[in-house]
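1. Provided below for reference: sequence and predicted model.
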Amino acid sequence: MTTLKEQLESHVAQYDHWATRRRYGPDGHNNRSLWVLACMDERLPVDEALGIHVDTPAGGGDAHCFRNAGGIVTDDAIRSAMLTCNFFGTKEIVIVQHTQCGMLSANAADLEAVEMVAPTQATVLITGDTGVGKEVSPALYTP
């Protein structure tokens, strides 16, 4: 028969195990303690570019990967970086951007034009400093 002290110690150890698992996922924190901010462009293969395996929803990768349009350091990106550093053991941050990014050619006027013609069948051609022209169908756009 186990003593009350042994039962309590076992209970605390199990609680600590599950608290860690809830915090870091089943495999612990990411293998390289790395957080990556990258452009959401699917042509940018973060895994290949950095030679790592980013986290899946189940965890177990080399890095947490945060993607947004342009790989821009936004308030949300900073909040996410602070969380991963303070709660998930992240020690390094890498920012990955790329040339001819469509985000860099879009500006507020372009986005307003898309919103303005959204109820119509018209399309908007977005041009910019990068020289990349993109035709946007506002019918697919939902603000």
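-> Good, I have the coordinates.
2. just checking, Ile72 touches Ile95?
-> No - counting by CB atoms under 8 Å, Ile95 is not a contact partner of Ile72; they are 9.2 Å apart. For the C-beta atoms, the positions are set from N, CA and C on the backbone; glycine is no exception.
3. tell me, what's touching those two both at once?
-> Contact criterion CB atoms under 8 Å, 6 or more residues apart in numbering; no residue bridges Ile72 and Ile95 by contacting each.
4. quick one, what contacts Ile72?
-> Taking CB under 8 Å, 6+ apart, we find Ile72 in contact with Met103.
5. isn't there a helix covering it?
-> No - going by DSSP: H, G, I helix; E, B strand; the rest coil, the assignment for Ile72 is coil, not a helix.
6. what about it, distance to Phe66?
-> 11 Å (CB to CB, to the nearest Å).
7. what's the answer for Met1, then?
-> With CB to CB as the criterion, Met1 and Phe66 are 51 Å apart.
8. which ones are touching Lys91?
-> Ser33, Leu34, Cys85.
9. hmm, Leu44 and Met103 touching each other?
-> No - judged on CB under 8 Å, Met103 makes no contact with Leu44 at a distance of 11.5 Å.
10. for burial, what's the neighbour tally of Gly61?
-> Residues lying near Gly61 (other CB atoms under 10 Å) number 19.
11. nope, Leu37 is what I meant
-> A count of neighbours around Leu37, defined by other CB under 10 Å, yields 23.
12. noted, bye for now.
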